[in-house]
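K.L.:
here are the coordinates; sequence isn't available:
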C-alpha cells in the first residue's frame, strides 16, 4: 500500500462531500427559482400547508408543553442550590423562545415531514409518476418541490411561535401548580424579560429550519434509487441530513443574532 493512500482517501472523501454540497445548493437555487416563476399550483400549496402545518400541531404541542414543564423543574432544582429559584420564569422563557422551541419544532418537522416528503417523492419516482409528469409537460420541480418548500417556509415559523407559547405555558403550569409561584408575577416576569430580538430570532430560525426540512425531503426523494430499498435509503438519508443541518443552522443563526 502506498504511503499516499490515506491522503488520497481523504481527498476523495472531501471531493465527494463538496460535490454533495454543490448538488444540494443547485437544487435549492432551482427550487427558489421555480417558487417565484409561474405557473403556480395553489392546490398543491394548500395540501402542503395542511400536511406540514395543521397536521403537525399535535406533535409540536405535546413536545413543547412537556419540554417547558421539564425545563421549569430542572431550573428550579438547579437554582435551589444557589438560592436562585426565582429565575425560573425568565430562564424558561428565554430557553424556549431562543433555543429549545425552534430546535425541537425543527427536529419534529424533520422527523414527521421530511421523511413523509422523501418517501412520497421517492415512491413517485419508483412508480414512474415523475416521468409521467414530464410527459404531460409539467416540471417536477415546480409541481412537487416548490409548493412543499414554500409551504414549509410559511408555516414552520408559525409552528415555532405556537410551540414557544405552549412551552412557556408548560413551565407556567408546573411552576404555579407544583412549585409555589404566583401566577401573575410569573407571567409579568416572562413578558418583561423577553425582548423583540428573542422573538424575531425564533421566527427566523423557524423559517430556516422549515426550508431545510422540506428541501432535504424533496432532494433525497428526487435522488432516490429504484425499488423499495431506494425509497428506504432516501427516507433515512433525508431525516439524517435535515437533523444535522438544522442543528448546524441553529448554531450559525444563534451566533449571528446573539454574538457579542
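P.N.:
That came through fine. Everything numeric in this text was worked out from a predicted model, so none of it was measured. Numbering: from 1, shown residues only.

K.L.:
CA only for contacts and neighbour counts going forward, please
P.N.:
OK.

K.L.:
ok, now which ones touch residue 226?
P.N.:
Going by Cα atoms under 8 Å, 6 or more residues apart in numbering, residue 226 touches 125, 126.

K.L.:
what's the spacing between it and residue 126?
P.N.:
Residue 226 is 5 Å from residue 126, where distance means Cα to Cα, to the nearest Å.

K.L.:
Same question for residue 236.
P.N.:
Distance of residue 236 to residue 126, given as Cα to Cα: 16 Å.

K.L.:
so where is the stretch 151-260 of the chain shaky, pLDDT-wise?
P.N.:
260 (pLDDT under 70).

K.L.:
for it, what spans make up the helices?
P.N.:
183-193, 196-222, 227-258 (DSSP state H, counting those that start in this stretch).

K.L.:
which residues sit against the one helix or strand residue 102 maps to?
P.N.:
Using DSSP states H and E, the element containing residue 102 is helix 101-109. Helix 101-109 is contacted by residues 52, 56, 59-60, 63-64, 95-96, 156, 159-160, 163-164, 167, 202-203, 205-206, 209-210, 213, 243, 246-247, 250 when judged by Cα under 8 Å, 6+ apart.

K.L.:
what do you get for stretch 195-206?
P.N.:
Stretch 195-206 has contacts (Cα under 8 Å, 6+ apart) with 94, 97-99, 101-102, 105-106, 153, 156-161, 250, 253-254, 257.

K.L.:
Check which residues of it are buried.
P.N.:
Within stretch 195-206, the residues that count as buried by 16 or more other Cα atoms under 10 Å are 198, 199, 200, 201, 202, 203, 204, 205, 206.

K.L.:
Ok, stretch 61-80 next?
P.N.:
In stretch 61-80, counting by 16+ other Cα under 10 Å, buried: 61, 63-73, 75-76.

K.L.:
now it: mean pLDDT?
P.N.:
Across stretch 61-80, pLDDT averages out at 90.

K.L.:
which other residues reach stretch 57-64?
P.N.:
Residues contacting stretch 57-64 (Cα under 8 Å, 6+ apart): 101, 104, 105, 108, 159, 162, 163, 164, 166, 167, 170.

K.L.:
re the thing from before, now, of the contacts of stretch 195-206, which are buried?
P.N.:
When the contacts of stretch 195-206 are checked for burial by 16+ other Cα under 10 Å, the buried set is 94, 97-99, 101-102, 105-106, 153, 156-161, 250, 253-254.
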